[in-house]
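K.L.:
Build the 3D model from these lines:
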Amino acid sequence: MVKLRLKRYGGKQRTTYRIIVIDVQSRRQGKAIREVGSYNPRKGQIQLDVFAITSFLEKGAQPTEIVHHILRKANVLEQIQSNH
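P.N.:
Down below sits the predicted model:
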């Protein structure tokens, strides 16, 4: 099974995350299938590759709870539902 999850980057007190597509059995810092976005919680910045995210979700990838909230905040999930 494939999931969309966060991969932590940055030092102490300067954390940023990359949204990646990764196999469920891999570690958090393991090799990703693809990087599809980034999230900076300190500045509230979200950058997403919407086309790649929608294609992985349509193929059956499951987002983690936090990534699901990020996608809902960026209105990506509504775009997927409107296409069906």
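K.L.:
Quick check: beta-bridge partners of the nearest residue to Ile19 once chain neighbours are set aside?
P.N.:
Excluding the flanking residues, the one nearest Ile19 by CB to CB, 6 or more residues apart in numbering is Gly37, at 3.9 Å. Yep, even glycine has a C-beta here, placed from its N, CA and C like the rest. When bridges are called by DSSP bridges, Gly37 pairs up with Ile19, Leu48.
K.L.:
Contacts only, for Gly37.
P.N.:
Residues touching Gly37, when contacts are defined by CB atoms under 8 Å, 6 or more residues apart in numbering, comprise Arg18, Ile19, Ile46, Gln47, Leu48, Asp49, Ile53.
K.L.:
Mind giving me the ChimeraX command for buried ones among these?
P.N.:
One line in ChimeraX is enough to select the buried ones among the contacts of Gly37; burial here means 16 or more other CB atoms under 10 Å:
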select :18,19,46,48,53
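K.L.:
quick one: contacts for the residue most central in space within the chain?
P.N.:
A centroid search over the chain (CA atoms, centre = their mean) returns Ile19, at 3.4 Å, as the residue closest to the centre. Going by CB under 8 Å, 6+ apart, Ile19 touches 4-7, 35-39, 48, 53, 67, 70.
K.L.:
Could you tell me the per-residue confidence at it?
P.N.:
Per-residue confidence for Ile19 comes out at a pLDDT of 95.
K.L.:
and if you look at Val24?
P.N.:
We have a pLDDT of 88 for Val24.
K.L.:
Ok, the one 4 residues further on next?
P.N.:
If you check Arg28, the pLDDT there is 68.
K.L.:
separation between the residue nearest to Ile19 and Pro63?
P.N.:
Summarising the geometry, the distance separating Gly37 from Pro63, computed by CB to CB, to the nearest Å, is 11 Å.
K.L.:
ditto for Gln29
P.N.:
From Gln29 to Pro63 the distance is 19 Å (CB to CB).
K.L.:
Please, where are all the strands along the chain?
P.N.:
According to DSSP state E, the chain carries its strands in the segments 2-9, 16-23, 34-40, 45-48, 62-63.
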